[in-house]
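> how would this look folded up:
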Amino acid sequence: MSALGCVRCMTFFLLVLAVGAKNPNAVKGYKLAMTKADSETAVRFFYFPGKFIDPLIFRSVGSDDPRMNTVTLGGPGRQVYISVSEMDRLINALSSSPLDWQNSRQKKPFIKATEIIPQTLNLSVDVLFSKGSAASGIDPKNICDVLPPMDSAFTSDRARWEFQMFRINYGCLVPKELNPKAYSYNFREMHN
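Model prediction:
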């Protein structure tokens with residue numbers, strides 16, 4: 001092997017090591033590390049295939065919280081407020097899914113939607129909870145297969161509607177009974 005070939009091999013080896021370096025806060029394992037939702041739990045779904053669609057974020061709130069079953073738009077994305085029990089079911093569905101998770105003991109807050117501009121290769125699924133965070137991704141060709149089983153996590157019509165409308169953006173078929181006009185996508189109405 002020539003000296004140039006050896007340098008290329010060594011450079012490639014160092015690059016593989018650098019890319020594969022582990023986060024010191026990462027928790028070993030490919031399963032979702034959390035098992036129980038609390039009032040700090042949030043789940044974000046985001047994919048940018050070239051056209052911008054707001055990230056869909058589910059946030060758990062207490063049963064007496066006035067935001068329950070409402071939606072706001074802005075900041076980190078389209079935020080849907082659901083009960084802790086609904087969030088528990090969503091976390092359970094994510095745990096049961098074929099996704100591989102990168103878990104961390106460090107909480108990584110969601111950044112503003114306008115800062116996530118670069119085109120993404122996969123639909124990202126991010127979870128924030130009181131003791132850390134987790135991240136996974138779904139290959140675009142599998143979005144319409146992996147996400148539909150999670151519909152059953154939602155007991156509120158609004159949350160299920162938001163999740164199904166999100167999937168329509170990526171060409172997924174949703175149940176026939178979905179009424180696209182049932183709720184507003186109007187920016188002004190969501191801020192009043």
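> doesn't Met165 make contact with Pro180?
Yes. Assessed by CB atoms under 8 Å, Pro180 is found in contact with Met165 at 6.9 Å. Using the backbone N, CA and C atoms, a C-beta is placed for each residue, glycine as well.
> higher neighbour count, those two?
Remark: of Pro180 and Met165, Met165 carries more neighbours, 17 against 11, as counted by other CB atoms under 10 Å.
> how would you label that one: helix, strand or coil?
Secondary structure, DSSP: H, G, I helix; E, B strand; the rest coil: Met165 is helix.
> go on, Gln79?
With three-state DSSP as the basis, Gln79 sits in strand.
> Identify the residues contacting it.
Neighbouring residues of Gln79 by CB atoms under 8 Å, 6 or more residues apart in numbering: 57-59, 71-73.
> which among those residues gets closest to Phe154?
Distance to Phe154, by CB to CB, is smallest for Phe58 among the contacts of Gln79, at 8.6 Å.
> Identify all residues paired with the closest one through a beta bridge.
Note on Phe58: beta-bridge partners Val43, Val80, judged by DSSP bridges.
> picking up where we left off before, just send the contacts of Gln79 back as JSON lines, with neighbour count, pLDDT and distance to Asn103 too.
Shown next, in JSON lines, are the contacts of Gln79 (neighbours: other CB atoms under 10 Å; pLDDT from 0 to 100; distance: CB to CB, whole Å):
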{"residue": "Ile57", "neighbour count": "24", "pLDDT": "96", "distance to Asn103": "19"}
{"residue": "Phe58", "neighbour count": "25", "pLDDT": "97", "distance to Asn103": "19"}
{"residue": "Arg59", "neighbour count": "21", "pLDDT": "96", "distance to Asn103": "20"}
{"residue": "Val71", "neighbour count": "20", "pLDDT": "94", "distance to Asn103": "28"}
{"residue": "Thr72", "neighbour count": "15", "pLDDT": "92", "distance to Asn103": "28"}
{"residue": "Leu73", "neighbour count": "16", "pLDDT": "88", "distance to Asn103": "29"}
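> Now those in CSV, please, with extra columns for distance to Ile111.
Shown next, in CSV, are these (distance: CB to CB, whole Å):
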residue, distance to Ile111
Ile57, 12
Phe58, 17
Arg59, 15
Val71, 20
Thr72, 16
Leu73, 16
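> of those residues, closest to Val43?
Using CB to CB, Phe58 is the member of the contacts of Gln79 that lies nearest Val43, at 4.8 Å.
> Now do that closest one against Lys51, distance only.
Phe58 sits 22 Å away from Lys51, taking CB to CB, to the nearest Å as the criterion.
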